[in-house]
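A.B. asks: Output the structure for:
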Amino acid sequence: MNTLKIVLPMAGEGTRMRPLTWSKPKALIQIADRPLLGHVLASLDTLPPTLPRELVFITGYLGEQIGPYMAAHHPEEKVHYVEQRERLGQSHAVYQAREFLDGPMLLVWSDTLIETDLSFLGEESAGGVAWVREVPDPRRFGVAELGPDGWVRRLVEKPQSLDNRLVVVGFYYFADSRSLLRAIETQMERDISLGGEYYLIDALNIMLERGLRMRTEPVEVWLDAGKPETTLETNAWLLENGRANHLEGSDLDGVKIVPPVYMPPDCRVEGSILGPNVSIGAGVRVRGSHIRNSIVEGGARIEGADLHDSLVGRRSTITGAHGTIHIGDDGLIEADGPGEEAGK
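C.D. replies: Down below sits the predicted model:
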C-alpha cells in the first residue's frame, strides 16, 4: 500500500497573531487544551489505521521549534522537515516538499481546523478531493465550480457574485502528488502569480484542465486560527465541544467556574472567576481576577485583573489591568488600578 504523505505548510510569520508570534510560530499557540498543531494532527485521527503515512512540514519562521514539539508529543509519527526560504506563495511552499512526494498526498493548512471523517481515503477512487462548505458570503474565499456531472470544473478565487457559495476550506487529497508538482512547475513557468505569490488554486486549475477528476467532500465544522478574533472563536467552539474539563459551575476555594473552561491540574487559582470560554495553560497562577473569553498560556501570572477577549502569552505577568489584552511571551503589564483600560 502506498504511503500517504501529509503536507502541512507553516512557513508564514503569523503577523496577524502578533505579539504572540514574535517568539513562536502560530502553530504552537495554545487553543483550548493544546497547541493549534495538536488540534490539526487530531483532525487526522480518522485516517484508516492500516494506511501508512508520513508527515511533511514546510517550515520557515521559527520553524526550529516544531521538531522538539513533535518529538515530545507525537514521537510515533514519521516526520520530514523542509524549509521555505522565500515567501513566494502556497504553490511554492508545496513545491519545497517535492523530494518526499510520490503517490497519494493530503494537503492541510496549519491554521485551519475541520471536522471530517477521513476513513474513506483508503479506498478513494477520485484523482482529487476538495473539502468544501457552503457559506453565506463566499467573496473573500475560493469556491469550487461544479460541472453538470457533479465533478469540479474549476476553482475561482474571491468570486464577485454570491451565486456559488461552495467554499474550498484548505484541505485537499491528491491520488498522484507528482501531477500536482508538474502543474506547479507549469504555473511557475507561465508566471501565473498575484503580487509575487503563486497561489495553489491556479495550479489546481491547471490540473483540472489536464483532466483531473476532482470531487468535493462537505464539512459542517470549519474553524480558523489566523487572527485573534477567530482564534478566540475557535477556542470557544473547541471548549464547547469536548475540550473543556470544567463543564459545570463550581465554587472551589473561592474560585467560580463559568463553563466551559479548560484548566490543567497544576494551575493555582485563588479568589477568581474564570469563564466562560477560558483556556488556561500549565503552571498558570491567577489571583483576585475575572477572566472570560480568553486564552492564557503556560506559566503566566495574573493578579487583580479583569480581562475579556484576551490572548496572554507564556510566562507573562499582568497586574491590575482591565479590558482586552494581547500580550506575547514574557510580557509585563502593570496597571495603576480599576478602570484603566489595557491596550492590545
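
A.B. asks: which intervals of the stretch 1-150 of the chain have sub-threshold pLDDT?
C.D. replies: The model of the stretch 1-150 of the chain has pLDDT under 70 over residues 1.

A.B. asks: Point to the residue nearest the middle of the protein.
C.D. replies: Nearest to the geometric centre of the chain sits D111, at 2.3 Å (C-alpha atoms, centre = their mean).

A.B. asks: Hmm, that residue is touching T230, no?
C.D. replies: No. D111 is beyond contact range of T230, at 9.1 Å (criterion: C-beta atoms under 8 Å). From N, CA and C alone the C-beta is placed, and that goes for glycine too.

A.B. asks: Next, give phi and psi for the closest residue to L51 other than its chain neighbours.
C.D. replies: Distances taken as C-beta to C-beta, 6 or more residues apart in numbering place G122 nearest to L51, at 5.1 Å, with adjacent residues excluded. With angles defined as degrees, to the nearest 10, G122 sits at phi -70, psi -20.

A.B. asks: Look up how far V261 lies from G122.
C.D. replies: 38 Å (C-beta to C-beta, to the nearest Å).

A.B. asks: likewise P75?
C.D. replies: 30 Å.

A.B. asks: Comparing those two, which shows the higher neighbour count?
C.D. replies: V261 (22 against 8; other C-beta atoms under 10 Å).

A.B. asks: since we're on the residue nearest to N293 when sequence neighbours are not counted, how many residues are nearby?
C.D. replies: With sequence-adjacent residues excluded and distances taken as C-beta to C-beta, 6+ apart, N293 is closest to N277, at 4.5 Å. As a burial measure, N277 scores 27 neighbours (other C-beta under 10 Å).

A.B. asks: got the contact list for N277?
C.D. replies: 232, 235-236, 239-240, 260-261, 292-294 (C-beta atoms under 8 Å, 6 or more residues apart in numbering).

A.B. asks: got it, and H73?
C.D. replies: Neighbour list for H73: G38 [criterion: C-beta under 8 Å, 6+ apart].

A.B. asks: how near is it to M207?
C.D. replies: 35 Å.

A.B. asks: Tell me where the stretch 51-200 of the chain has helices.
C.D. replies: Taking DSSP state H, counting those that start in this stretch as the criterion, the stretch 51-200 of the chain carries its helices at 66-73, 90-95, 177-189, 200-209.

A.B. asks: Which one of those lies nearest to S272?
C.D. replies: Nearest of the helices of the stretch 51-200 of the chain to S272, taken as C-beta to C-beta: helix 66-73 at 28.9 Å.

A.B. asks: CA atoms of the biggest strand by length in the chain as PDB?
C.D. replies: When the chain is parsed with DSSP state E, its longest strand is strand 166-174. C-alpha atoms of strand 166-174 as PDB (Å, rounded to 0.1, in the frame of the first residue of the first chain):
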ATOM      1  CA  LEU A 166     -19.300  26.300  -2.200                       C
ATOM      2  CA  VAL A 167     -16.100  27.500  -0.500                       C
ATOM      3  CA  VAL A 168     -12.900  25.400  -0.500                       C
ATOM      4  CA  VAL A 169     -11.600  25.200   3.100                       C
ATOM      5  CA  GLY A 170      -7.900  24.400   2.500                       C
ATOM      6  CA  PHE A 171      -8.000  20.600   2.800                       C
ATOM      7  CA  TYR A 172      -7.200  18.600  -0.300                       C
ATOM      8  CA  TYR A 173      -6.400  15.000  -1.300                       C
ATOM      9  CA  PHE A 174      -4.500  14.000  -4.500                       C
END
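
A.B. asks: Please work out which residues outside that strand touch it.
C.D. replies: So strand 166-174 is in contact with 104-109, 112, 114, 116, 121, 124, 127-135, 138, 141-146, 155, 180, 201, 204, 216, 219, 222, going by C-beta under 8 Å, 6+ apart.

A.B. asks: Please produce a ChimeraX select command covering the buried subset of these.
C.D. replies: Restricted to buried positions by 16 or more other C-beta atoms under 10 Å, the ChimeraX selection for the contacts of strand 166-174 reads:
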select :104,105,106,107,108,109,112,114,116,121,127,128,129,130,131,132,133,135,138,141,142,143,144,146,155,180,201,204,216,222
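
A.B. asks: From L307, how far out is E270?
C.D. replies: E270 is 16 Å from L307, by C-beta to C-beta.
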